[in-house]
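Novice: got a structure for you, letters missing:
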């Protein structure tokens, strides 16, 4: 199966992620007025766009790293990758809703659910790729604990519930998880660096 | 003609498929309300989106496999490939209509017609590529029977007619065909595996 | 300058062309009704979409061939390529207008103007690339007469004027030019084939 | 870290830039009427689109050149690149607003702010890449003065303020900066040429 290289999966994923990250700007409808006040309504949309842009950027970065560890491609890997893209394709809608509603409870909770779904899909994909490595390989050891992955899921769950008490606290959690993941996956970088040294 | 490699045809197809699969989410218009009830109207849209996402994913997967068997590129192949992309470009519209109308008869039938058109274009493309292989090659033998391809066309035809009796039965057929094709084309994988062993 | 390969220009052009060819389907707004009659209004849109799809496909095909003859990339080539992409980016708008107005005179004329602009940009790009070849090279000889290119410009001009007499005759001309170009540029293919033999 | 090549960052950037440059045409809504007069309202939109198309083209060209000087990829570079893409993703909105408002003061000023943000992000990215070269390398010397970069920032600032006196003067400045940058970064080309000679 090595005949079918991972390149095209990467290219397709990049295409979908590039579109997801860009169509969110289509939500910035041109306002009626022509002064700064007309932009006030766009502020929550802009904030939610900025956070979602960072999230899709994080997924792109880590996806980039993760796919470099793929040994061989198969149907299951392709479908898990498509599941991740499907989850992320729901980000523009929930971003628009959270922005449109100025961070109301339900849209804020839905945003967390979409992020949870994406994180879960990513973990499934990562798990499937790790299975291609022997259980004592440096990758498996490095990824095994996966503290960031687990804490993210927990923070998303908390944020979803908290949205009904105070949606700003939820948003703080979303920004917090983004901050945790801001740095690309150092674990993979470290292993790659160790190998080449 | 071998000078002009299949790479760019692959890249262009990936681009178009990535856009097709992603612009469907533009149909999820942000609802007026800000609670879970406001999402109820989006449920049929979401279901039809999910099915269409899987269908485009299936085409991407199999297209990926099929193009790996291309020996040389020519104008006819390019146009058959564009015909396939044209057919698939109609998926977002029929997905939106089926979702908007909550699975009424005519939109459900049209959805089947579009899928039939795509399946037919795919078969034409596959047929043209097979002609590049000698008639007793393992590829031609493997694809020759093409049971899945033929049964799909039949199921689409049934689904189109049945849409006027009960559109849910049609939808069941669409999901059924998707399930049949869910696994990427094992026939090509098997031949490639045999060759390298 | 050979250091900067033509690959990225190809990739970027493919991206833009893939988007242009796909966003035209966004014009197919979901109709109010749920029966076949509701689709009647979409027929002119569908026809104009189909023709434009073929046109963008033709440009993609020939652009694909043309770029294979580029020796080295420079700023002028990049900008002529962007001019071509700019011209083609106006196709979706004029396609939508011609479809929306059911082939009225002015939209039909504008469609011809956009096609004329694209054809003219393509010729400029082709001319610049030919300058990289010595004047007695097989490419320059093969492209020199360029009968198809010249007759297309003439047919567009006629179609633009005729639009005010009978827009259907103009449309016939547009389809005629598309038919002339349907086959990818045989001249380049022939030269490449001769060389390798 | 050299293991992770810059290719995918280029491909992703190209995808995003291709979408940014193309979705601007979605702002050309089909007019009600079917004669030339109906297009009059679109003239300011068309002008702002043309200028923005050139700007995104300039960024694509220079980005193309700049990335060829990258030695190794790291997280910081990726995020600075995403910051640049984020800034440029705001271009379609401000282009639409400036066009919709027929060059009113505030939209014209906002356009300058977005361009300033993009220019600033580009400089940060360039600065980070230059740090990978030794301080006496020909690249660093060539880019060090960076007259065009500095004068652009100044002209944007002036244009933003002037927008409240006369927005056409601002627009003149935007066109002026575009003209300055129209030619791809000769400095990098010159260094590459010197090296290969």
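Specialist: Perfect, thanks for sending it. Computed from a predicted structure; not experimentally measured.
Novice: quick check, residue A:125 in contact with residue A:84.
Specialist: Yes: applying Cβ atoms under 8 Å, one finds residue A:125 in contact with residue A:84, separated by 5.6 Å. In this view, the C-beta of every residue, glycine as well, is placed from N, C-alpha and C.
Novice: which of the two has more neighbours?
Specialist: residue A:84 (26 against 22; other Cβ atoms under 10 Å in any protein chain shown).
Novice: and the more buried one, what does it touch?
Specialist: A:59, A:63, A:118, A:121-122, A:125 (Cβ atoms under 8 Å, 6 or more residues apart in numbering or on different chains).
Novice: go on, residue A:162?
Specialist: A:169-170, A:173.
Novice: drop anything exposed from these.
Specialist: A:170, A:173 (16 or more other Cβ atoms under 10 Å in any protein chain shown).
Novice: in contact with residue A:18, which residues?
Specialist: Contacts of residue A:18 (Cβ under 8 Å, 6+ apart): B:18, D:12, D:15-16, D:18-19.
Novice: please enumerate the strands of chain A.
Specialist: Assigned by DSSP state E, the strands in chain A number zero.
Novice: from residue A:14, how far off is the spatially most central residue of chain A?
Specialist: The centroid of chain A falls nearest to residue A:59 when counting by Cα atoms, centre = their mean (4.1 Å). Separation of residue A:59 from residue A:14 (Cβ to Cβ, to the nearest Å): 11 Å.
Novice: and what of residue A:130?
Specialist: 22 Å.
Novice: buried stuff in stretch A:159-166?
Specialist: Counting neighbours by 16+ other Cβ under 10 Å, stretch A:159-166 gives A:159-160, A:162-163 as buried.
Novice: I meant to write stretch A:67-77 there.
Specialist: Applying 16+ other Cβ under 10 Å to stretch A:67-77 flags A:67-70, A:73, A:75, A:77 as buried.
Novice: where does pLDDT dip in chain A?
Specialist: A:1-5, A:134-145, A:183-197 (pLDDT under 70).
Novice: repeat the analysis, applying 50 as the threshold.
Specialist: Along chain A, segments meeting pLDDT under 50 span A:1-4.
Novice: ok, the residue of chain A found nearest chain B - how many residues close by?
Specialist: Relative to chain B, the nearest point of chain A is residue A:15 (3.2 Å; Cβ to the nearest Cβ). Residue neighbour count, defined by other Cβ under 10 Å, stands at 27 for residue A:15.
Novice: touching, it and residue B:16? I think so.
Specialist: No: under the criterion of Cβ under 8 Å, residue A:15 makes no contact with residue B:16, lying 9.2 Å away.
Novice: now the common contact residues for these two.
Specialist: Going by Cβ under 8 Å, 6+ apart, no residue sits against residue A:15 while also sitting against residue B:16.
Novice: pretty sure residue A:48 is touching residue A:98, no?
Specialist: Yes: using Cβ under 8 Å, residue A:48 is in contact with residue A:98, at 4.7 Å.
Novice: shared neighbours, those two?
Specialist: Contact with both residue A:48 and residue A:98 is made by residues residue A:111, according to Cβ under 8 Å, 6+ apart.
Novice: just give the nearest non-adjacent residue to residue A:132, would you?
Specialist: residue A:71 (4.4 Å; Cβ to Cβ, 6 or more residues apart in numbering or on different chains).
Novice: swap in residue A:149?
Specialist: residue A:123 (5.9 Å).
Novice: check contacts around that neighbour.
Specialist: Going by Cβ under 8 Å, 6+ apart, residue A:123 touches A:146, A:149, A:153.
Novice: I only care about those that end up buried; give me the PyMOL line for that.
Specialist: Selection of buried members from the contacts of residue A:123 for PyMOL, criterion 16+ other Cβ under 10 Å:
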select buried, chain A and resi 149
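Novice: out of the contacts of residue A:123, who's nearest residue D:104?
Specialist: residue A:153 (47.4 Å; Cβ to Cβ).
Novice: number of nearby residues for residue A:179?
Specialist: Residue A:179: 11 neighbours (other Cβ under 10 Å).
Novice: gap between it and residue A:58?
Specialist: 10 Å.
Novice: which residue is the nearest non-sequential neighbour of the one residue in chain A that gets nearest to chain D?
Specialist: Chain D sits closest to residue A:18 of chain A, with a gap of 3.2 Å, by Cβ to the nearest Cβ. In space, and not counting its chain neighbours, residue A:18 is closest to residue D:15: 3.2 Å by Cβ to Cβ, 6+ apart.
Novice: doesn't residue A:20 make contact with that neighbour?
Specialist: No: assessed by Cβ under 8 Å, residue D:15 is found out of contact with residue A:20, at 10.5 Å.
Novice: how many neighbouring residues does residue A:39 have?
Specialist: 17.
Novice: how about the contacts made by it?
Specialist: A:31, D:110.
Novice: can you tell me how far residue A:91 is from chain C?
Specialist: Separation of residue A:91 from chain C (Cβ to the nearest Cβ, to the nearest Å): 20 Å.
Novice: same question for residue A:132.
Specialist: Remark: distance between residue A:132 and chain C (Cβ to the nearest Cβ) = 29 Å.
Novice: give me the neighbour count for that residue.
Specialist: Neighbours around residue A:132, by other Cβ under 10 Å: 16.
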